[in-house]
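Undergrad: next input, structure requested:
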Amino acid sequence: FLNKNMKTKKLIIFMPSIEGGGADKNLFIITNYLVEKFDNIKLITSSSKYKKIFNKKINFLSPRISVWSKFGRNLKNIISLIILIKTLIKNRNSIVLSFQANLYAILICKILSIKIITRSNSFPGDWTKSNFKKFLFKTIYKMADERIVNSIGSKKRFLKHYNLSSVCIYNPLNLKEIIKLSKIKKKNLFNKKASLKLISVGRLSEEKDHLTFLKSILYLKSKINLSALIVGEGLLKKNLLEFIKKNKLNEIVKLTGYKKNPYPYIKQANFLVLTSLHEGLPNILLEAIALKKFVVSSNCETGPKEILINGKAGALFKVKSYLDLSNKILFFHKNKKIRDKKVQFGYSKINRFDSDKNLKNYLKIINILSNS
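TA: Below is the predicted model:
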């Protein structure tokens, strides 16, 4: 896919706020792959603390004062957009690959006559109930030169709600790396006497709905001897700790905080549970399947149903229904043969998300746009 003309275009990757979640993992993998294909990649972000994860060849453009890393997304967006404008004025022969704050990035690029590719980790309309904002999404996304989504479900929603075409490129999954990292020895944080070990991995935020997970554990604690981990950081940590304390779940549930390498903990678990209200294509489900773990996920818009092949590779429960989640956990805990069959089926279909295949698709799109 690479040719000499591709080297004449400068690639600028835009991601104002890096928080260590699934979308950020994709950013790390994609950026570190593309840096080998371009002479000079610039990455614009306000989250400088993650610099060490990126290849040293990447030109890291972030605020000189690291205090910006501690602010919320809105302020990070503003400072990163200022850097983007300054960078584009000096580098007019560029292509922008935007992972975040896409509306603003599109407007800036169109004003400066710069080509832009947006990459949406989830469907934009999920983030607002405002019809005006939905109108803005539809209008401004239309201006992008190319739109990348990470699931067929998202592609269909862009077409249905915005009448816009997009390209589906699955999240790149490095199976060998995940298995390798899962073998690193970590302290077992589960109660060893528990007959069922559950794990949930994700940012502690409203859309991840960890409260439904906790309600399910509260319901199940008298029925199964279980132990649970919630891996992640976020604004709702205090709320979750209060629920755990109030309902006397301290001996059953542990909040571990963010783990750079969560795979050894997933490997220690029996089930991985995802309770999200909405998703794009959740990496954590792919990673759990790669480690041959049984997955129980909310049947939210786009992502889980696609990964789990309509429940053939795991279990799907009604969004926000802790009773449905609990019943699914109980059933598959008791029916090991059915569970194992689904795990094996899911693993046999994991090649859809092969890292090399999907990364080459990014390269192909950038190459086409650079020569158009």
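Undergrad: retrieve the pLDDT associated with N55.
TA: Note on N55: pLDDT of 89.
Undergrad: just confirm it is within a helix.
TA: No: the assignment for N55 (DSSP: H, G, I helix; E, B strand; the rest coil) gives coil, which keeps it out of a helix.
Undergrad: need the phi and psi values for it.
TA: Here is the backbone geometry of N55 (degrees, to the nearest 10): phi -60, psi 140.
Undergrad: then the one 3 residues further on?
TA: When read as degrees, to the nearest 10, the backbone of I58 gives phi -80, psi 130.
Undergrad: and for F38, nearest residue in space, chain neighbours not counted?
TA: Nearest non-adjacent residue to F38, counting by Cβ to Cβ, 6 or more residues apart in numbering: L11, 5.0 Å away. Where you see a C-beta, it was placed from the backbone N, CA and C, and this is true even at glycine.
Undergrad: and that neighbour, which of the three is it?
TA: L11 ends up strand, using three-state DSSP.
Undergrad: hmm, it is touching I41, no?
TA: Yes: between L11 and I41 there is a contact at 5.0 Å, judged by Cβ atoms under 8 Å.
Undergrad: what do these two both touch?
TA: Common contact partners of L11 and I41 (Cβ atoms under 8 Å, 6 or more residues apart in numbering): L34.
Undergrad: what does stretch 241-252 contact?
TA: 191, 211, 214, 217-218, 221, 226-228, 253, 255.
Undergrad: mind doing that once more with 10 Å?
TA: 191, 194, 198, 204, 210-211, 214-215, 217-218, 220-221, 225-228, 230, 236, 240, 253-255 (Cβ atoms under 10 Å, 6 or more residues apart in numbering).
Undergrad: list of residues touching stretch 175-183?
TA: Residues contacting stretch 175-183 (Cβ under 10 Å, 6+ apart): 29, 174, 260-268, 283, 286-292, 347, 350-351, 353-355.
Undergrad: ok, now with 8 Å
TA: For stretch 175-183, contacts defined as Cβ under 8 Å, 6+ apart pick out 261, 263-264, 266-267, 287, 290-291, 350, 354-355.
Undergrad: just the buried members of the contacts of stretch 241-252?
TA: Neighbour counting over those (16 or more other Cβ atoms under 10 Å) leaves 198, 204, 210-211, 214-215, 217-218, 220-221, 226-228, 230, 236, 240, 253-255 as the buried ones.
Undergrad: let's see which of those residues end up in strands.
TA: Using DSSP state E, the subset of the buried ones among the contacts of stretch 241-252 located in strands is 198, 226-228, 230, 253-255.
Undergrad: before we move on, what SS does the spatially closest residue to L359 that is not a sequence neighbour have?
TA: Using Cβ to Cβ, 6+ apart and skipping residues adjacent in sequence, the residue nearest L359 is Y33, 4.6 Å away. Here Y33 is recorded as helix under three-state DSSP.
Undergrad: can you check R352 too?
TA: R352 is classified as helix under three-state DSSP.
Undergrad: any idea how far the residue nearest to L359 lies from L27?
TA: 11 Å (Cβ to Cβ, to the nearest Å).
Undergrad: have a look at the two and say which one is more surrounded.
TA: L27 (24 against 18; other Cβ atoms under 10 Å).
Undergrad: any idea how far K341 is from the more buried one?
TA: Distance from L27 to K341, by Cβ to Cβ: 35 Å.
Undergrad: likewise F353?
TA: Taking Cβ to Cβ, one finds F353 at 21 Å from K341.
Undergrad: pick out whichever of the two has more residues nearby.
TA: When neighbours are counted by other Cβ under 10 Å, F353 and K341 differ, and F353 comes out ahead with 21 against 13.
Undergrad: mind listing what that one touches?
TA: Contacts here follow Cβ under 8 Å, 6+ apart; on that basis F353 touches 170-173, 286.
Undergrad: again, only this time at 10 Å
TA: Here F353 is in contact with 150, 170-175, 281, 283, 286, 289-290, 307 (Cβ under 10 Å, 6+ apart).
Undergrad: which of those residues fall in helices?
TA: Within the contacts of F353, residues falling in helices by DSSP state H are 175, 283, 286, 289-290, 307.
Undergrad: closest one to Y322 out of the residues you listed, please.
TA: Ranked by distance to Y322 (Cβ to Cβ), those are led by I307 at 21.8 Å.
Undergrad: the nearest residue to the closest one once chain neighbours are set aside: neighbour count?
TA: In space, and not counting its chain neighbours, I307 is closest to L285: 4.9 Å by Cβ to Cβ, 6+ apart. When neighbours are counted by other Cβ under 10 Å, L285 registers 27.
Undergrad: S122 now?
TA: Neighbour count for S122, taken as other Cβ under 10 Å: 26.
Undergrad: residues touching it, list them.
TA: 22-23, 149-151, 153-154, 157, 207, 276, 278-282, 300-303.
Undergrad: mark which of those residues are part of strands, please.
TA: Those of the contacts of S122 mapping onto strands are V149, per DSSP E.
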